[in-house]
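Visitor: Provide a 3D model corresponding to the input given below.
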Amino acid sequence: MTPLVTRATPLREGERMDADEFMRRYERMPEGVRAQLIEGVVHVPPPASGDDHGQPQSELNYLMVCYQRHTPGVLVYTASTVRLGRGDVPEPDLAMRVMSGGLSRMVGGYITGPPELATEIAASSDSVDRNAKLRAYQEAGIPEYIIWRTLRRLLEWHALDGGIYAPLPPGPDGILRSGVFPGFWLDPAALLARDAARSDAVLARGIASPEHAAFVARLRAAMEAEGRP
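Guide: Numbers count the residues shown, from 1 in each chain. Okay, the predicted model is just below:
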């Protein structure tokens, strides 16, 4: 007898469900289908444009990966499923987490718990990223959240303060400096102007800073304590 093949009901925009039901159905979707669960509601993103989403994401991904390469114990993820809670299974455009002693862990191949930094490239998703997703990330305790609002030419960096997101203030030089990842410095003006050379130079200064060296030493000690190479 031919075995019966059971197919999951396709996820549809606006459906309500919990994380377990979402993951059960999502894992059985065809390869390449993307969906997220935010505050118990399914969101199926439209195709992303190259100019307003793909290219900015590529630039920010490059900077985050450069930071990762100079910061053993830190990992960067692109469009990876994150299990935050019963009603929230987002896929941040970019996320960065600490491996040893961090807030999240890997369970069944998925990030479980809040990564230290989540980033969204907000073009067509601007309303969701700045409202429902911001609330979900805040409630889950993601320490920092970057929203690059490409259509409005704005880069917003939110940091938890007493459990509530507040704007991360730039320094007198206009540079934004992560409080969670010492040495991860961004020049918002350079990013918005697509000035890659300036962005690279600012990040290089952050990586060369004493606070970054101290952070790397703490990460190495944490990894050694866990027996990581």
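Visitor: what about this protein, any weak spots by pLDDT?
Guide: Within the chain, the stretches with pLDDT under 70 are 1-8.
Visitor: Scan it for its longest strand.
Guide: strand 154-161 (DSSP state E).
Visitor: Packing partners of that one?
Guide: In terms of contacts (3 or more C-beta pairs under 8 Å, 6 or more residues apart in numbering; DSSP states H and E), strand 154-161 is packed against helix 132-140, strand 144-149, strand 164-167, helix 188-192. For glycine as for every other residue, the C-beta is placed from the backbone atoms N, C-alpha and C.
Visitor: As a check, name the ranges of all strands in the protein.
Guide: Under DSSP E, the chain gives strands at 36-38, 41-43, 74-78, 82-83, 94-98, 105-107, 110-112, 117-122, 144-149, 154-161, 164-167, 176-177, 185-186.
Visitor: Show me what counts as buried in the longest one.
Guide: Judged by neighbour count (16 or more other C-beta atoms under 10 Å), strand 154-161 contains these buried residues: 155, 156, 157, 158, 159, 160.
Visitor: Quick check: the residue nearest to the fifth one when sequence neighbours are not counted vs residue 144, distance?
Guide: Of all residues not flanking residue 159 in the chain, residue 168 sits nearest, at 4.5 Å (C-beta to C-beta, 6 or more residues apart in numbering). Here residue 168 is placed at a distance of 7 Å from residue 144 (C-beta to C-beta, to the nearest Å).
Visitor: what do the two both touch?
Guide: 157, 158, 159, 178, 179 (C-beta atoms under 8 Å, 6 or more residues apart in numbering).
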